[in-house]
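next comes the sequence, and after it the predicted model I'd like to discuss.
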Amino acid sequence: MLIFLSKVKLEFNSLDSRSAACLELLAQCNSCKAKESNPSCLLEVKRRTNGNPPRINVTFVNGVEEVFDAAMTSAQSIREMILKKGRLLETEQMFRDAGETWPVLIPEEELRIPAPGIKVTALPNLYGVLVKNTAAGTAGGSGVMPGGNVGADPTVFEQDASAGMLELGK
């Protein structure tokens, strides 16, 4: 998580019950693994004595600053938002390093051009597994036929694990 950040500032009253997210994020930032991922990330803790709600300020490596209300948001949600934005920054940097423009804009007319030879079949889970395993067997085994799991948030493309497990059982 710290790999995407240049500064983390936590402001909280340790006697306030709403400070749980700040304390949890502080523990995550102080872990050895987090510190090793970005030793130059500055961690600043401001302990308050007043009743102001706890808050977390993060500064990303590109200078963008974001403030989180730690009284209303869990540490896990804050961590997920940091990782999501960090992955976008990483992608943007890859494009800039390659000399490409960012963001990539695909003209609408190109989106409508049919791709010959490419077919997509969307099936319910059980039927998708059956078709995928049959196709993998026909093509030469599970290592030849990759699979894709497309969801609302994460999208994962991987080797067909279920067909591989069947081969391991032999």
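It's in.

and whichever helix in the chain runs longest, what's its mean pLDDT?
Using DSSP state H to define each element, the chain has its longest helix at helix 75-97. Averaged over helix 75-97, pLDDT sits at 87.

buried sites along the next helix or strand after that helix?
Moving toward the C-terminus from helix 75-97, the next helix or strand (DSSP states H and E) is helix 108-111. Using 16 or more other CB atoms under 10 Å as the test for burial, helix 108-111 gives no buried residues. Every residue, glycine included, has its C-beta placed from N, CA and C.

please apply the same query to stretch 76-89.
Within stretch 76-89, the residues that count as buried by 16+ other CB under 10 Å are 78-79, 82, 85-86.

can you list contacts of the longest helix of the chain?
Residues outside helix 75-97 that contact it (CB atoms under 8 Å, 6 or more residues apart in numbering): 1, 3-5, 20-22, 24-25, 28, 56, 58, 60-62, 66, 68, 70, 101-104.

and those, which are buried?
Using 16+ other CB under 10 Å as the burial test, those include 1, 4-5, 21-22, 24-25, 28, 56, 58, 60-61, 68, 70 as buried.

where do the helices sit along the protein?
Using DSSP H, helices in the chain cover 20-29, 32-37, 75-97, 108-111, 125-139, 161-168.
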